[in-house]
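>>> Mind folding the following:
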Amino acid sequence: MKGFTRTELRFSLCGLNCALCSMHLGGYCPGCGGGAGNQSCAIARCSLEHGGVAFCWECPEYPCARYDGFDDADSFIPHRGRARDVEAFRALGADAYFAQLSEKREILGLLLAEYNDGRRKTLFTSAACLLPLEDLRAAAAELSAMPDAPVKEKALAAARLLQNSADRRGVSLKLKKGQVHRPS
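Residues are numbered from 1 along each chain as shown. Below you'll find the model as predicted:
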């Protein structure tokens with residue numbers, strides 16, 4: 001969008017963890033305000049209209065009607081954790097939140113490089129977004145302690161560990177299909 005730029009591309013204007021998004025990881029999306037390939041976004045336009053806030057929650061009108069139904073469906077990244085992540089960012093501060101996000105991204109990178117049989121990208125990215133860091137650390141530690149095996153067996157083991165963690169917490173790792181809310 002013309003006139004809209006951001007320096008922080010790991011965490012979106014609206015509160016999605018771009019650093020954990022499969023589209024961002026694959027180089028298909030630069031993140032909001034990230035340059036070429038960035039799609040027109042009503043929230044970015046709104047940010048410009050409100051003085052160029054770096055994150056929506058810095059706006060005195062947040063949360064506004066643009067967020068009605070915003071988290072009801074997922075895009076390439078689960079929206080369900082967005083409000084929780086915004087609150088964590090606000091409570092921890094940017095440096096601590098980004099340190100945790102970087103660690104999650106590192107674990108996700110390991111999962112994708114070592115444990116992906118070509119069918120687990122969505123599961124792994126959803127787990128990185130929705131599970132707490134301690135669960136991801138525990139899964140990574142358990143996986144690294146396992147003997148070497150073919151990638152298909154490693155993928156099944158990783159999927160099982162992450163799914164068990166999600167089940168214990170009552171978290172669904174499946175993306176919610178449906179119409180993704182597009183703010184007007």
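>>> Now find how far off-centre the longest helix along the chain is within its chain.
The longest helix of the chain (DSSP state H) is helix 94-114. Put simply, helix 94-114 sits 10 Å off its chain's centre (C-alpha atoms, centre = their mean, to the nearest Å).
>>> Tell me where the model's unsure across the chain.
1, 33-40, 178-184 (pLDDT under 70).
>>> who's in contact with the longest helix of the chain?
Around helix 94-114, the neighbours that count as contacts under C-beta atoms under 8 Å, 6 or more residues apart in numbering are 10-11, 17, 19-20, 25, 88-89, 92, 120-121, 124-125, 127-128, 133, 136-137, 139-140, 143, 151, 154, 158. C-beta here means a position set from N, CA and C on the backbone, and glycine is covered the same way.
>>> Using CSV, write out every CA atom in that helix.
Taking C-alpha atoms only, helix 94-114 is exported to CSV below (Å, rounded to 0.1, in the frame of the first residue of the first chain):
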residue,chain,number,x,y,z
ALA,A,94,8.5,-5.9,22.7
ASP,A,95,12.0,-7.2,23.5
ALA,A,96,10.8,-10.1,25.7
TYR,A,97,8.0,-11.0,23.3
PHE,A,98,10.3,-10.9,20.3
ALA,A,99,12.9,-13.1,22.2
GLN,A,100,10.1,-15.7,22.7
LEU,A,101,8.9,-15.4,19.2
SER,A,102,12.5,-15.9,17.9
GLU,A,103,12.8,-19.0,19.9
LYS,A,104,9.5,-20.3,18.6
ARG,A,105,10.7,-19.5,15.1
GLU,A,106,13.9,-21.4,15.7
ILE,A,107,12.0,-24.5,16.9
LEU,A,108,9.7,-24.2,13.9
GLY,A,109,12.7,-24.0,11.6
LEU,A,110,14.0,-27.2,13.2
LEU,A,111,10.7,-29.0,12.8
LEU,A,112,10.4,-28.0,9.1
ALA,A,113,14.0,-28.9,8.3
GLU,A,114,14.4,-32.2,10.2
